[in-house]
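Peer 1: pasting the sequence and the predicted model now:
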There are 2 protein chains.
Amino acid sequence: MSLKATAEAPANLAFVKYWGKQDSDLRIPTNNSISVNLSKAKTITSVEFDSTLNEDQLSVTNRDIPLESDFSNRVFRHLDRMRSLAGINQKAIVHTQNTFPTGVGIASSASGFAALTIAACSALGLDLTEKELSEMARLGSGSACRSIPDGFTEWIAADINNSSYAVQIAPADHWDLNIVTVVVSKQAKQLSSTYGHSLAMASPFFKARLESLPVRLETVRSAILGRDFDTFGRETEMEAISFHSIAMTSPIQNPGSWISGAYYWLPESLELILSVQQWRGSGLGVYFTLDAGPTVHLICLHKDLDRVISAVHEVESSRSDRKWDILINDPAMGAHLIAGDDLE
Amino acid sequence: MSLKATAEAPANLAFVKYWGKQDSDLRIPTNNSISVNLSKAKTITSVEFDSTLNEDQLSVTNRDIPLESDFSNRVFRHLDRMRSLAGINQKAIVHTQNTFPTGVGIASSASGFAALTIAACSALGLDLTEKELSEMARLGSGSACRSIPDGFTEWIAADINNSSYAVQIAPADHWDLNIVTVVVSKQAKQLSSTYGHSLAMASPFFKARLESLPVRLETVRSAILGRDFDTFGRETEMEAISFHSIAMTSPIQNPGSWISGAYYWLPESLELILSVQQWRGSGLGVYFTLDAGPTVHLICLHKDLDRVISAVHEVESSRSDRKWDILINDPAMGAHLIAGDDLE
């Protein structure tokens, strides 16, 4: 019997951010977050359990920066969780590839651990509910839980194990939004999200942020359901700045190389942030958000997509020494099994 | 009898910022602030009261951007305050000039209203104490009160009129700091400081900032007195980011051109902020601060000045399309009378 399966999972973009953990081992966040799955940023992962293997193996295709040193172990520990649940002890070969650059502010660990969870659970014959799959994905990488349901999702923080998972707010075809993801730099960021999370509570503004979030979550959730683009865009943009303000006011106390905050922006990110303000001033309906990296995500209604793309190209071409990768995302379905030969 | 005098006053750079007002008419701030006078950013102002004049006149030399529309009236209202105190009704001719670009994050209103206050009070024969002069300057432009005493000063917020003024923490020659002021753009900022102040309390983080300031003020004051450069630099840098986080999380609710925050930074400001982190990582003792504009102020001990200047030039020359103005400031004396013919 072959214990093999392949799954595809989208990265997701948070409109209300996950930043700060109640429990780092269980990856339980301090606050709910809301996101959408991205159609052009996917991970495809196959997992094959094999009784003849002596140890787990991981192979990564199309990766443009080196793996973090402990990444393989993180994958193998995640396999352990599912093996334990299935009562199967076989080691596995994992093949994985991303369709997008890693470490630049698109959460490749979200798509990666969502795909791994779906593929491994299927290969092991585990018949889990969406809630259980989302919880399992969360244990691998927190925001991976949001890549399990389709479309627009909300991750419920909760405060006890096995009750923190993502639920769908609306399906992918609910709203004709586009997310224009502008990868202004492919250099891997200096500071991992995991490390940034651990600093968050040192910010003097962290508590005030937490207190403001219930209202923001309600506003964003309602705006998605009611397709109220301007309310949605405004809250999303203010939330991005709130999140980066927390990061930038969390100093990094490395002896000898003290850094005054977690700076995930680059000058070109700020150039786009300021451009967005001007574009709106001239009547273009567009808002931005950024995750923990320099990549800027521009959010617009489909009717304005061409104008947004032109506006981005104009900024890009104002300097001859740069070439940005631009991904045009639709809201996407969540993680799902695919035929194994889709993997290159 | 000639009622004429000429004064020179420095702009000042805040290490702990003034952002938010308890009373906008009286320009009483929500918190104490700490600054140093800048030797290379001065305003020279002459005031001549003349019984033959029918109205006040203002002439500005060397100004590279247009005056704000109500600036003349703000100057004339300030003259009224001093005329009223002196019991003199003559109108005046005011000549003023700055030695530095305006509207780019160096507080020209601070040096301007400090110089105006000293010159006009002298011309009117008013014999005021330093405290009274500082209070008077504050009524013209809040941070002008900090340009009255010599050297390093602290503006006491207080909460009743005529008790908010600046006092000296240490004289200019107390500490051999240099402030390398990098003017990355001479374009006037889109958003005045006065308007920014009025938005500050809308930030969800404003209250948390106020609560954190007493400890920061004590730390910065003690670090100046004890010449503890790293403590001073770290607090100053974190404070700059705290202030900009407040500004950026204060949305601007203009109908039709909603802006998600008060962005005073430009991409090149961020480029220098990130460079400073790297320079420190390689052992160079340098910290940054920014006021409400894109200009970046680099703070170092005099022994490291040449290395800091070289490092700035290296970043500047990494792109051929830019040329920055760089001012090398020492801590300076406060506003004082000078011979009238020093004015061009």
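Peer 2: Structure received.
Peer 1: for the rest of this, base every contact and every neighbour count on C-alpha atoms.
Peer 2: Fine.
Peer 1: quickly list the domain ranges of chain A.
Peer 2: Following automatic domain parsing, chain A resolves into domains at A:2-173, A:177-329.
Peer 1: buried deepest among those, which one?
Peer 2: domain A:2-173 (a mean of 21; mean count of other C-alpha atoms under 10 Å in any protein chain shown).
Peer 1: state the mean pLDDT of it.
Peer 2: The average pLDDT within domain A:2-173 is 92.
Peer 1: now swap in stretch A:301-314 and tell me
Peer 2: On average, the pLDDT along stretch A:301-314 is 98.
Peer 1: ok, residues contacting it?
Peer 2: Here stretch A:301-314 makes contact (C-alpha atoms under 8 Å, 6 or more residues apart in numbering or on different chains) with A:176-178, A:180, A:229, A:279, A:284-286, A:300.
Peer 1: wait, what's in contact with A:Phe229?
Peer 2: Contacts for A:Phe229 (C-alpha under 8 Å, 6+ apart) come out as A:223, A:301.
Peer 1: how much space between it and A:Thr219?
Peer 2: Distance, A:Phe229 to A:Thr219, by C-alpha to C-alpha, to the nearest Å: 12 Å.
Peer 1: also A:Ile326?
Peer 2: From A:Ile326 to A:Thr219 the distance is 29 Å (C-alpha to C-alpha).
Peer 1: what's the answer for A:Ile148, then?
Peer 2: In this view, A:Ile148 and A:Thr219 are 23 Å apart by C-alpha to C-alpha.
Peer 1: same check on A:Gln97?
Peer 2: Distance, A:Gln97 to A:Thr219, using C-alpha to C-alpha: 36 Å.
Peer 1: ranges for the helices of the stretch 151-300 of chain A?
Peer 2: For the stretch 151-300 of chain A, the helices defined by DSSP state H, counting those that start in this stretch cover A:193-199, A:206-225, A:229-248, A:267-281.
Peer 1: what sits against the residue of chain A found nearest chain B?
Peer 2: Closest contact between chain A and chain B, by C-alpha to the nearest C-alpha, is at A:Pro267 (4.2 Å). Counting by C-alpha under 8 Å, 6+ apart, A:Pro267 touches B:266-271.
Peer 1: could I get those as JSON lines with pLDDT and distance to A:Arg27?
Peer 2: Formatted as JSON lines, those follow (pLDDT from 0 to 100; distance: C-alpha to C-alpha, whole Å):
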{"residue": "B:Leu266", "pLDDT": "94", "distance to A:Arg27": "36"}
{"residue": "B:Pro267", "pLDDT": "96", "distance to A:Arg27": "34"}
{"residue": "B:Glu268", "pLDDT": "96", "distance to A:Arg27": "37"}
{"residue": "B:Ser269", "pLDDT": "97", "distance to A:Arg27": "35"}
{"residue": "B:Leu270", "pLDDT": "97", "distance to A:Arg27": "32"}
{"residue": "B:Glu271", "pLDDT": "97", "distance to A:Arg27": "33"}
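Peer 1: of those residues, closest to chain A?
Peer 2: Relative to chain A, the closest of the contacts of A:Pro267 is B:Pro267; by C-alpha to the nearest C-alpha it sits at 4.2 Å.
Peer 1: close to chain B: what parts of the stretch 101-250 of chain A are there?
Peer 2: Residues of the stretch 101-250 of chain A found near chain B (C-alpha under 8 Å from any C-alpha of the partner chain) are A:204-205, A:208-209, A:212, A:234, A:237-238, A:241-242, A:245, A:248-249.
Peer 1: determine which two of these are furthest apart.
Peer 2: Checked with C-alpha to C-alpha, these reach their widest spread between A:Pro204 and A:Arg234, with 24.0 Å between them.
Peer 1: not including adjacent chain positions, what is the nearest residue to the residue positioned nearest the centre of chain A?
Peer 2: Centroid check for chain A by C-alpha atoms, centre = their mean gives A:Ala107 as the closest residue, at 3.4 Å. Using C-alpha to C-alpha, 6 or more residues apart in numbering or on different chains and skipping the chain neighbours, the partner closest in space to A:Ala107 is A:Ala11 (5.8 Å).
Peer 1: so that neighbour, which of the three states?
Peer 2: Of the three states, A:Ala11 takes strand under DSSP: H, G, I helix; E, B strand; the rest coil.
Peer 1: test my guess that it contacts A:Thr102.
Peer 2: No - in this structure A:Ala11 lies outside contact range of A:Thr102 using C-alpha atoms under 8 Å: 10.8 Å.
Peer 1: overlap in contacts of these two?
Peer 2: A:Ser108.
Peer 1: report pLDDT for the nearest residue to A:Ser269 once chain neighbours are set aside.
Peer 2: Spatially, and ignoring its direct neighbours in sequence, A:Ser269 is nearest to A:Pro294 (5.7 Å; C-alpha to C-alpha, 6+ apart). Looking at A:Pro294, its pLDDT reads 92.
Peer 1: please verify my assumption that A:Pro294 contacts A:Glu271.
Peer 2: No - using C-alpha under 8 Å, A:Pro294 is not in contact with A:Glu271, being 11.0 Å away.
Peer 1: next SSE after the longest strand along chain A?
Peer 2: With residue count as the measure and DSSP state E as the assignment, chain A has strand A:33-50 as its longest strand. Once the chain leaves strand A:33-50, the next helix or strand it forms, by DSSP states H and E, is strand A:57-61.
Peer 1: chain center to that next one: distance?
Peer 2: A distance of 21 Å separates the centroid of the chain from that of strand A:57-61, by C-alpha atoms, centre = their mean, to the nearest Å.
Peer 1: which residues are contacting the helix or strand following it?
Peer 2: Per DSSP H and E, strand A:57-61 leads on to helix A:71-86 as the next helix or strand towards the C-terminus. Residues outside helix A:71-86 that contact it (C-alpha under 8 Å, 6+ apart): A:56, A:58, A:89-90, A:113, A:120-121, A:124-126, A:139-140.
Peer 1: I'd like these as a markdown table, with secondary structure and distance to A:Ala311 appended.
Peer 2: Shown next, in a markdown table, are the contacts of helix A:71-86 (DSSP: H, G, I helix; E, B strand; the rest coil; distance: C-alpha to C-alpha, whole Å):
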| residue | secondary structure | distance to A:Ala311 |
| --- | --- | --- |
| A:Asp56 | coil | 47 |
| A:Leu58 | strand | 41 |
| A:Asn89 | coil | 54 |
| A:Gln90 | coil | 53 |
| A:Phe113 | helix | 34 |
| A:Ala120 | helix | 42 |
| A:Cys121 | helix | 44 |
| A:Leu124 | coil | 48 |
| A:Gly125 | coil | 49 |
| A:Leu126 | coil | 48 |
| A:Leu139 | helix | 40 |
| A:Gly140 | helix | 38 |
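Peer 1: distance of A:Ala107 relative to A:Ser147?
Peer 2: Using C-alpha to C-alpha, one gets 10 Å for the distance from A:Ala107 to A:Ser147.
Peer 1: overlap of the contact sets of these two?
Peer 2: Common neighbours of A:Ala107 and A:Ser147, using C-alpha under 8 Å, 6+ apart, are A:11-12.
Peer 1: wait, isn't A:Ser51 in contact with A:Lys91?
Peer 2: Yes - counting by C-alpha under 8 Å, A:Ser51 touches A:Lys91, with 6.6 Å between them.
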